[in-house]
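Trainee: Sequence and computational prediction follow.
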Amino acid sequence: MSVGLRQLPATFTTRVAKASGLHVRDLYRMRDEGVVIELSRGVFRKADAPHASLPDLLAIGQRAPSAIVCCVSAAALHNLTDEIPMSVQIAVPRSQRPPRIDHPPTEVFRFAVGTFELGLSSAEAAPGEQARVYSPGRTVVDLMRLRARLGEPLALAALRRYLRRRDARPGELLDLARALDVLGPLRTAVDAVIAE
């Protein structure tokens, strides 16, 4: 392993590699030799780094550092759905230009700036590397807010699973729903699920 590569973190961008003195030509030679793996355009991971359990989220985190994994992707991470999204769903603030990421496939949602980081959590994408993801409660509220687009059955199923969890916090869920302006529909859905 070259001296320049040793200085780099396990997951890094071309820009970071160049700043550490590694020439782009050498970086792509190392990719071709299998010393580094290209996760996405301009995002690399050392081949001898610990296994990344969520490599797509590592790549997106490097390409769009302010993005937060949301909706169905977050629900799958939190075991609130069995549905496997066709693309990684991420949220960015409305004031920010949506990133264009072809690989891994992404779907971008634009959320209000004032409530953007409400319910922000993280998930370990690789040992020592975190991905920004919405909490289970925020995920349920977002699915309810976007039920016309993503489907009401998905939102209700996620709500059921959430309420059955030991760590469920219905009061916090209603607070999030109030802040995100979906309190009425969520309260009605919670009452219906509890009555089942």
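Mentor: Perfect, thanks for sending it.
Trainee: Please name the bridge partners of the most centrally placed residue in the chain.
Mentor: The residue lying closest to the centre of the chain (C-alpha atoms, centre = their mean) is Val69, at 2.1 Å. Beta-bridge partners recorded for Val69 (DSSP bridges): Ile90, Val133.
Trainee: Surely it and Val88 touch.
Mentor: Yes: at 6.7 Å, Val69 and Val88 qualify as touching, with contact defined as C-beta atoms under 8 Å. C-beta: built from backbone N, CA, C; applies to glycine.
Trainee: Pull up the overlap in contacts between these two.
Mentor: 57, 60 (C-beta atoms under 8 Å, 6 or more residues apart in numbering).
Trainee: about what we covered before: please read off the pLDDT at the residue nearest to the centre of the chain from the model.
Mentor: We note a pLDDT of 96 for Val69 in this prediction.
Trainee: So it versus Ala123, what's the distance?
Mentor: As defined by C-beta to C-beta, to the nearest Å, Val69 lies at a distance of 7 Å from Ala123.
Trainee: what do these two both touch?
Mentor: Common neighbours of Val69 and Ala123 (criterion: C-beta under 8 Å, 6+ apart): 57, 77, 131, 133.
Trainee: and of those, the nearest to Pro105?
Mentor: Nearest to Pro105 among the shared contacts of Val69 and Ala123: Leu57, at 13.0 Å, using C-beta to C-beta.
Trainee: Mind pulling the model confidence for the closest one?
Mentor: We have a pLDDT of 92 for Leu57.
Trainee: next structured bit after the helix-or-strand element of the chain with minimal mean pLDDT?
Mentor: Using mean pLDDT, DSSP states H and E, helix 3-6 stands out as the lowest-scoring helix or strand of the chain, at a mean of 68. For helix 3-6, the following helix or strand on the C-terminal side (DSSP states H and E) is strand 11-13.
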